[in-house]
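Undergrad: Below are the sequence and a predicted model for it; my questions follow.
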Amino acid sequence: MGLAQHLRLLAIIATMGLTGAAALAEERLKVGVIGTVSDAPFFIAEKKGYFRDEGLSVEFIFFDSAAKMIAPLGIGELDVGGGATSAALYNAAGRSVNIRIVADKARNSAGFGFQALMVRKDLQDKVARFADLKGLKVAVSAAGNSEAFLLDQAMRKAGMTIADVETVFLGFPQHPAAFLNKAIDASISTEPTTSLEIQRGAAFKLAGADAFYPDFQTAVTFYGGDFIKKKPDAAGKFMKALMRGMRYYVDNLVDGHLAGPRSQEIIDIMVAESPLKDPRVYRDIVSHYVDPNGAIDEASLRAVWQFFKAQGQINGQITIDDVLDLRFAKAAAAELGPYQRAGKQ
């Protein structure tokens, strides 16, 4: 072996050693996801290397509802989670389980009704208004989840309440089959499930959530208490990477759909990372909106809290203020600077 070849070999070995050391130095985090489109910023941050840029590596763990993330977040089995708020969150906080809402994840802003009240296709001639849902079997993702609040709001538009329907608890991925099997009459579903239900001829959209409760805070990002307390530096870095994913996603929203210049890249990421593998569905869906600075619509969270209390699902001693911690989002937004849509000057 000549001197030049020997030096090149030493350089390669040194590079491999540095790469291995960097990998060992990465902070490993466990992140709960539910496989809906609102997980896109998490997946984008992973695939685009934003977490790696911050010295983090993440493992995604799938759940069928955010309510089921509360216990593992509380005992440190999960560092981060995301999904709808639930009575379980407040009840856990009442038992000194330290979980915090730290940023936006999805909301039904005007034109972004990615959450919808769906009705079984063969009932289309019978159900044209919210009032027609009376007595029917309506699915929400889990007991004590905020989807029940949305259902209640829809029924109140017709002078009724959630008590006027029969609620059943079923994770979003099970909704299409339940419609086809006539196990349910209606549901509060979330994209991409809603588009999948329509494509399969299982259900039709009675109304998007943005039509009957605009700006509803559908999902939030959670941090476990141990994560905040024991790894505050990693918590800040995670939020910065996630916010870059949020901004990348928002950059590619056009008229409520993934239709921006890099939308195909996002669709490819979702196909690779989420349970739904049909790229056409992601192209057709009505997208959620996520605030590029991670801000929360506190008014809708407070309304949901009041609903949980009225339903007797929480005692009301723990309030929104007890579980809200936006310091990481504010710090990340300040570090990244004011959001400016890509391509805009």
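TA: The structure has been received and is ready for your questions.

Undergrad: What segments of the stretch 201-345 of the chain are strands?
TA: Under the criterion DSSP state E, counting those that start in this stretch, strands of the stretch 201-345 of the chain are mapped to 203-208, 216-224, 253-254, 257-258.

Undergrad: what packs against the longest one?
TA: If you count contacts as 3 or more Cβ pairs under 8 Å, 6 or more residues apart in numbering; DSSP states H and E, strand 216-224 packs onto helix 70-74, strand 80-83, strand 99-108, helix 209-212, helix 298-310. For every residue, glycine as well, the C-beta is placed using N, CA and C.

Undergrad: for the third one, same thing?
TA: Helices and strands touching strand 253-254, as assessed by 3+ Cβ pairs under 8 Å, 6+ apart, are absent.

Undergrad: For the most centrally placed residue in the chain, list the residues it contacts.
TA: Centroid check for the chain by Cα atoms, centre = their mean gives S38 as the closest residue, at 3.9 Å. Neighbour list for S38: G82, G83, K105, A106, F114, T190, T218, A219, H288, V290 [criterion: Cβ atoms under 8 Å, 6 or more residues apart in numbering].

Undergrad: Could you report the neighbour count for the second one?
TA: Other residues near G83 number 31, with proximity taken as other Cβ atoms under 10 Å.

Undergrad: Ok, the first one next?
TA: Applying other Cβ under 10 Å, we find 26 residues neighbouring G82.

Undergrad: do the fifth one as well
TA: Residue neighbour count, defined by other Cβ under 10 Å, stands at 29 for F114.

Undergrad: my guess is it contacts D284, does it?
TA: No. In this structure, F114 is not within contact of D284 by Cβ atoms under 8 Å, at 11.7 Å.

Undergrad: related to what we said a few turns ago, just list whatever residues bridge to the nearest residue to the residue nearest to the centre of the chain once chain neighbours are set aside.
TA: Excluding its sequence neighbours, the residue lying closest to S38 (Cβ to Cβ, 6 or more residues apart in numbering) is A106, at 3.7 Å. Each beta-bridge partner of A106 is listed here, defined by DSSP bridges: A219.

Undergrad: quick one: A106 and V290 touch, right?
TA: Yes. Using Cβ under 8 Å, A106 is in contact with V290, at 5.9 Å.
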